[in-house]
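In: Provided below are the primary sequence and the corresponding predicted coordinates.
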Amino acid sequence: MRLLKVATCNLNQWAMDFDCNLKNIKESISKAKEAGAVIRLGPELEITGYGCEDHFLELDTITHAWECLKEILLGEWTDGIFCSIGMPVIKGSARYNCQVLCLNRKIVMIRPKMWLANNENYRELRWFTTWKQKDQLEDFQLPSEISEALSQKSVPFGYGFVRFLDTAVAVETCEELFTAMTPHAELQLNGVEVFMNASGSHHQLRKLDLRVQEFIGATNTIGGVYMYSNQQGCDGGRLYYDGCSCVVVNGNMVAQGSQFSLKDVEVVVAQVDLDAVASFRGSISSFQEQASSSRPKVPSVAVSVSLCQPFNLKMSLSGPLKVHSGLRLSMRAKPSGARGLMGKPCTLFITSISVKYHLPEEEIAFGPSCWLWDYLRRSGASGFLLPLSGGADSSSVAAIVGCMCQLVVKEIAKGDEQVKADAIRIGKYTDGQFPTDSKEFAKRIFYSVFMGSENRVFYQRATSDQSMKVLRPFKMAWWLVNVNHCAFVLFRSYCLKHFVIDLQEGNQCSASYYRSMKSSEATRQRAKVLAEEIGSWHLDLCIDGVISALLSLFQTLTGKRPLYKVDGGSNIENLGLQNIQARIRMVLAFMLASLMPWVHNKAGFYLVLGSANVDEALRGYLTKYDCSSADINPIGGISKQDLRGFLRWAAVNLGYPSLAEIEAAPPTAELEPIRANYSQLDEVDMGMTYEELSVYGRLRKIFHCGPVSMFKNLCYKWGGRLTPSEVAEKVKHFFKYYSINRHKMTTLTPAYHAESYSPEDNRFDLRQFLYNTRWPYQFHKIDQLVSELDADGVAIKKELGGDGMGVVAAGSSDPKAGL
């Protein structure tokens, strides 16, 4: 037997924070050595952090990376352990994304990345060049400072592998695994047994199992040991890198790290038998023939060191993990009576452990929670402030913050000193105190604010006589102020009554007044109960006074006062009044976030959290610079349907039962007055359901459908219940409002990325924001198709033996589409 112990890791790196990153790298190597590992793999670009973006173009970034590597090599970190360390390297005039392979304080070789990720969230070709030479290794002259320190002038550079006395090891970096011509296939034929994949892979809902399938597939048919390392956490941007470092042997996962964690360093160790790899390959005749035939020889570097150990019963082997989804099974070592060699009694330890795939609801709970914690502790803020309306979206955000507080308390209880130190600093604990209760911690770091508008229920015009009859019963102080023939009666009435008297020269005096009723008592109560369950410092305020002041100012300037549509106003008036409320809430939220710490004699500031979901952004169903405008948004990349599933899950699993009632309530913005025969509803306002929005989003982004292609595919999808003309109207309606509101994406709050059809304009979905919203050419083509279909009397039927939709139409309802 050739026993080999390997270590891979999840590291919570922070772009451009070299001290933090270097500390984590050193700690991971130390833990790997303590565990007895002889190979250590770290994430892609771990010294600088993966998300440096245009900082990679700065020579300082490259220089600092070399300085950090020098510090590692001059110490005892690489003594007796083969380390793969990710960093950018400049060779000649080109910049490469590299893995630097080190052993015993020397650089063995530098392996540049050959295929770069350059789609959706990734822009590696903006900063790096692909390595194109595959036939030989080149000589790389080390920077003079590094050369002098290491007494090493040059190292091999390029595509190749390292030959030890007892095995061969190679690198395959992130994107290279997902290409049509993967390096590992060629390397396997050249005798490589151990593969190290350093990655910078972000979280996306339902994505992990697809990633794991690639690791398993890499060794499932030809054998080998596949190591995977990833960053874990928010390194300074919209992405959360979701760890899950693992080791796979001959298609079986034998070790797996966490997907979501508050830890800065997590090391995953596995002990494998390389003879199992050789035996597996030796049993495949076709592999033997291909390996022995004429083929491209991959260059290699010889190292006269043995990595493996011989057969030893004191060393246990890592066994295959069972696939498991949902609740995590803990690792348990169960002793049981057994007979060893020669029939002598011994103790047999059976390891019970499973491959972990989180449910989508768990992913929504833990991913954004960990992302928020990283952002909070690294931003210098003292906490969060959330405008909590009592609706599904803002309640989801509140629950995620509550989940974050629970995770912090649990990690402290487990003994994580870094989490404890951060929590003490952020929560302003003194005298040796620290968080032991999530509600108490939430009270220190989380403000929730319900901003109600009481005067939106009833509005009517009345004569001056009628107005005075209304006035008489109320014994309150009021002031009559004449400005340009207008008079305003202002009441100190806690927003329960508002009267405005309009005087027009030569006309009878008339009065407009709001009759106040608590139209949003249900949502107000839901917000209050949820805040109590989470433990936030909850504020409840009425914004009518501010709204009335702005409307009075507008009336002073123009002589007109807008009305809601249900009160006889136009669409322009109705929209304008809704936008005033929405934007006032944003202004008040930022004011409270900056001043409430001062009110409570705390230092620092609070981050304002947004709560617009990905579907509302796609449709543009939000007010520009309203409460969707915030510092960060943990649900901006999550669909409404997924959020509702999360609320049902969180009501039980997070201990916030009020979320069940919130989820059951119909979605509403509550920006228009409620009447006996009218109540504002999101899906009615939008002219489409949230389920339809998800379909449009996937067709537009994932399957790259324009209006005509979308129409054709939806004819197959919805043809059983809608006519072609009805499908056409839906498609036109979507593209009209999508293009009208696309400009809103340019100011969208930075949000946690979780959905493959996100319309986020910063880096993921790059499109214009000024459209011809009539889409004349495309809509005319659709009309022609409808006319042809109607003329032919075409009825869309399901094909025999299938659903009749095809891949695109069927995929438009698949949450996993686009992963």
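Out: Happy to help now that I have it.
In: can you pull out the helices in the stretch 501-650 of the chain?
Out: 521-534, 544-558, 571-599, 614-619, 640-653 (DSSP state H, counting those that start in this stretch).
In: Return the most buried member of those helices.
Out: helix 614-619 (a mean of 26; mean count of other C-beta atoms under 10 Å). (C-beta placed from N, C-alpha, C; glycine too.)
In: May I see the helices of the stretch 501-650 of the chain arranged in JSON lines, with mean pLDDT as well?
Out: Shown next, in JSON lines, are these (pLDDT from 0 to 100):
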{"stretch": "helix 521-534", "mean pLDDT": "94"}
{"stretch": "helix 544-558", "mean pLDDT": "93"}
{"stretch": "helix 571-599", "mean pLDDT": "92"}
{"stretch": "helix 614-619", "mean pLDDT": "89"}
{"stretch": "helix 640-653", "mean pLDDT": "96"}
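In: if we compare the ones you listed, which one ends up closest to Phe18?
Out: For the helices of the stretch 501-650 of the chain, distance to Phe18 was read as C-beta to C-beta. The smallest value, 30.8 Å, belongs to helix 571-599.
In: So which of the helices of the stretch 501-650 of the chain is nearest Gln141?
Out: Of all these, it is helix 614-619 that lies closest to Gln141, at 48.8 Å by C-beta to C-beta.
In: contacting residues around that closest one?
Out: Contact partners of helix 614-619, identified using C-beta atoms under 8 Å, 6 or more residues apart in numbering, comprise 393, 621-622, 628, 636-640, 682, 686, 688, 690, 693-694, 696-697, 700, 734, 737-738, 741, 744-745, 748, 754-755, 757-760.
In: go again using 7 Å as the cut-off
Out: 622, 636-640, 686, 690, 693-694, 697, 737-738, 741, 745, 748, 755, 758-759 (C-beta atoms under 7 Å, 6 or more residues apart in numbering).
In: all strands for the stretch 51-200 of the chain, in order.
Out: Applying DSSP state E, counting those that start in this stretch to the stretch 51-200 of the chain gives strands spanning 82-91, 94-103, 106-112, 138-141, 154-157, 161-163, 168-171, 194-199.
In: okay, these, which one's buried deepest?
Out: Counting by mean count of other C-beta under 10 Å, the most buried of those turns out to be strand 194-199, with a mean of 27.
In: counting contacts, what elements does the helix or strand following that one pack onto?
Out: Past strand 194-199, further along toward the C-terminus, the next helix or strand under DSSP states H and E is helix 208-220. For helix 208-220, the elements it packs on are strand 225-233, strand 246-249, judged by 3 or more C-beta pairs under 7 Å, 6 or more residues apart in numbering; DSSP states H and E.
In: Any chance you could list what contacts helix 208-220?
Out: Residues from elsewhere that reach helix 208-220 (C-beta under 7 Å, 6+ apart): 177-178, 184, 195, 201, 226, 228, 244, 246, 248-251, 253, 259, 357, 819.
In: What of stretch 18-37?
Out: The contact list for stretch 18-37 (C-beta under 7 Å, 6+ apart) reads 5-7, 9, 11-14, 40, 42, 46-47, 49, 64, 68, 71-72, 77, 81, 83, 85, 264-265, 267, 269.
In: wait, what's in contact with the closest residue to Thr179 other than its chain neighbours?
Out: Sequence neighbours aside, Trp115 is the residue nearest to Thr179 in space, at 5.0 Å (criterion: C-beta to C-beta, 6 or more residues apart in numbering). Applying C-beta under 7 Å, 6+ apart to Trp115 gives the contacts Thr130, Glu175, Glu176, Thr179.
In: What of Cys705?
Out: Leu699, Asn713.
In: Would you agree it falls within a strand?
Out: No. Counting by DSSP: H, G, I helix; E, B strand; the rest coil, Cys705 is located in no strand; its state is coil.
In: sorry, back to before: deepest-packed of the helices and strands packed on helix 208-220, please.
Out: Ranked by mean neighbour count, those are led by strand 225-233 with a mean of 29 (mean count of other C-beta under 10 Å).
In: could you say what helices and strands it packs with?
Out: Counting by 3+ C-beta pairs under 7 Å, 6+ apart, strand 225-233 packs on strand 3-11, strand 194-199, helix 208-220, strand 241-242, strand 246-249.
In: Please save the CA atoms from that strand in CSV.
Out: Taking Å, rounded to 0.1, in the frame of the first residue of the first chain, the C-alpha atoms of strand 225-233 are listed here in CSV:
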residue,chain,number,x,y,z
VAL,A,225,-7.2,11.4,-6.3
TYR,A,226,-8.9,14.8,-6.9
MET,A,227,-8.4,17.5,-4.3
TYR,A,228,-10.5,20.7,-4.5
SER,A,229,-9.9,23.9,-2.5
ASN,A,230,-12.1,27.1,-2.5
GLN,A,231,-12.4,30.4,-0.9
GLN,A,232,-15.2,30.8,1.6
GLY,A,233,-16.9,34.1,2.5
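In: so what strands line up beside that strand?
Out: strand 3-11 (parallel), strand 194-199 (parallel), strand 241-242 (antiparallel), strand 246-249 (antiparallel) (DSSP bridges).
In: What average pLDDT does it get?
Out: Per-residue pLDDT over strand 225-233 has a mean of 96.
In: Tell me which stretches of the stretch 301-450 of the chain form helices.
Out: 360-379, 392-413, 417-427, 438-445.
In: Please point out which parts of the second one sit buried.
Out: Buried residues in helix 392-413, counting neighbours by 16 or more other C-beta atoms under 10 Å, are found at 392-409, 411-412.
In: For that helix, which helices and strands make contact with it?
Out: Checking 3+ C-beta pairs under 7 Å, 6+ apart, helix 392-413 ends up next to helix 360-379, strand 383-387, helix 417-427, helix 438-445, helix 521-534, helix 640-653, helix 658-664.
In: now the ones you listed in a markdown table, with distance to Glu788?
Out: Formatted as a markdown table, the helices and strands packed on helix 392-413 follow (distance: least, C-beta to C-beta, whole Å):
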| stretch | distance to Glu788 |
| --- | --- |
| helix 360-379 | 41 |
| strand 383-387 | 50 |
| helix 417-427 | 64 |
| helix 438-445 | 60 |
| helix 521-534 | 49 |
| helix 640-653 | 34 |
| helix 658-664 | 44 |
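In: Can you check which of the ones you listed gets nearest to Arg585?
Out: Distance to Arg585, taken as C-beta to C-beta, is lowest for strand 383-387 among these, at 5.6 Å.
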